[in-house]
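1. predicted coordinates and the sequence they were generated for:
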Amino acid sequence: MKNVAIILAAGTGSRMGDECPKQFLCLGGRTVVEYSIDAFERCNAIDEIAVVMHPDHLQRMLQISKANNWTKVQHIFAGGKERYLSTVAAIKAYSSYGECNLLFHDAARPLVSNRVICDVADALKTYNAVGVAVPMTDTVFLTEGDTVRSVPDRRKLQRAQTPQAFRLSTIQQAYEIALRDPDFVSTDDCGTVLRYLPDVAIHIVRGDERNVKLTYKEDIPLIEKMLKEGERE
């Protein structure tokens, strides 16, 4: 079964408060999206890569791909305004390719490890849906406004990461049902499968504390520090 990595890079990075989309921020001499793609390019478990990009930046992404001489990047295509629309664009792009596995990864997670990618690919041999998560260590409040309503048992909570991976037919069916639902609200792809295909087991692969997501400017020093530490290893 072919494993296709889908790098989701169509976001505008509005929470960064910067005109430059975060996937194009330069850290340690390379853009964030280059680190993310490189991780899948180097992984032996990955057969092919597709990058879902904002329409305004398709040409820039094509130039970056050529400059890196990536051999696995086969497609660069436009995504949607919402994250789930980028997922749908990838599903449509591969719908005529026959059954395969799609591994969706946030371009803003440049430190994803080879171990995590390989573990996800291995889990897809048994499961049709796979998530990546790390145990929650902080206490979490369930709130209403400024009031604490409950304190969930953190032993049952985990923080989701990417890649999230699925058999193509599974994620395709989930979104076909979801897009017919007028009350559909997307959280993430695992959430869509859980809601619309509740009989499909979503297996959890152990994540990595280094697999952080670049969301705010305050995240930049931490990610730069971890990138430098990785170079020394």
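-> Done, it's in. These figures come from a predicted structure and were not determined experimentally.
2. right, and the helix or strand after the helix or strand where residue 160 lies?
-> For residue 160, the host element (DSSP states H and E) is strand 158-167. Using DSSP H and E, the helix or strand that follows strand 158-167 in sequence is helix 168-178.
3. for whichever helix or strand comes after that next one, name the packing helices and strands.
-> Using DSSP H and E, the helix or strand that follows helix 168-178 in sequence is helix 189-196. If you count contacts as 3 or more C-beta pairs under 8 Å, 6 or more residues apart in numbering; DSSP states H and E, helix 189-196 packs onto helix 83-94, strand 129-135, strand 158-167, helix 168-178, strand 202-206. C-beta: built from backbone N, CA, C; applies to glycine.
4. what does the second one contact?
-> Residues from elsewhere that reach strand 129-135, judged by C-beta atoms under 8 Å, 6 or more residues apart in numbering: 116, 120, 123-124, 154, 157-167, 170-171, 190, 193, 197, 200-209, 211.
5. mind redoing it with 6 Å?
-> 120, 123-124, 158-161, 164-166, 170, 190, 193, 200, 202-205, 207 (C-beta atoms under 6 Å, 6 or more residues apart in numbering).
6. give the rounded mean pLDDT of it.
-> Confidence for strand 129-135, expressed as mean pLDDT, is 97.
7. so which bits of that strand are buried?
-> 129, 130, 131, 132, 133 (16 or more other C-beta atoms under 10 Å).
8. so how far is it off the chain centroid?
-> 11 Å (C-alpha atoms, centre = their mean, to the nearest Å).
9. one more: the first one?
-> Counting by C-alpha atoms, centre = their mean, helix 83-94 is centred 12 Å from the centre of its parent chain.
10. what strand or helix carries the residue most central in space within the chain?
-> The chain has residue 105 as the residue nearest its centroid, 2.3 Å off, counting by C-alpha atoms, centre = their mean. Residue 105 is located in strand 101-106, with elements delineated by DSSP H and E.
11. what's the angle between that strand and helix 83-94?
-> 150 degrees (axes from the mean of the first three to the mean of the last three C-alpha atoms, to 10 degrees).
12. which strands and helices lie in contact with the helix or strand that strand 101-106 is followed by?
-> Next along the chain after strand 101-106, taking DSSP H and E as the criterion, comes helix 114-123. Judged by 3 or more C-beta pairs under 6 Å, 6 or more residues apart in numbering; DSSP states H and E, the packing partners of helix 114-123 are strand 202-206.
13. report the strands that pair with the strand it packs on, each with its relative direction.
-> If you go by DSSP bridges, strand 202-206 pairs up with strand 129-135 (parallel).
14. kindly calculate the angle that the partner strand makes with helix 168-178.
-> Using the same axes, to 10 degrees: strand 129-135 against helix 168-178 is 90 degrees.
15. looking at the buried residues of strand 129-135, spot the one nearest residue 28.
-> Comparing the buried residues of strand 129-135 against residue 28 with C-beta to C-beta places residue 132 closest, at 23.9 Å.
16. roughly how far does the closest residue to residue 71 other than its chain neighbours sit from residue 61?
-> Nearest non-adjacent residue to residue 71, counting by C-beta to C-beta, 6 or more residues apart in numbering: residue 41, 7.4 Å away. Using C-beta to C-beta, to the nearest Å, one gets 14 Å for the distance from residue 41 to residue 61.
17. good, we can wrap up now.
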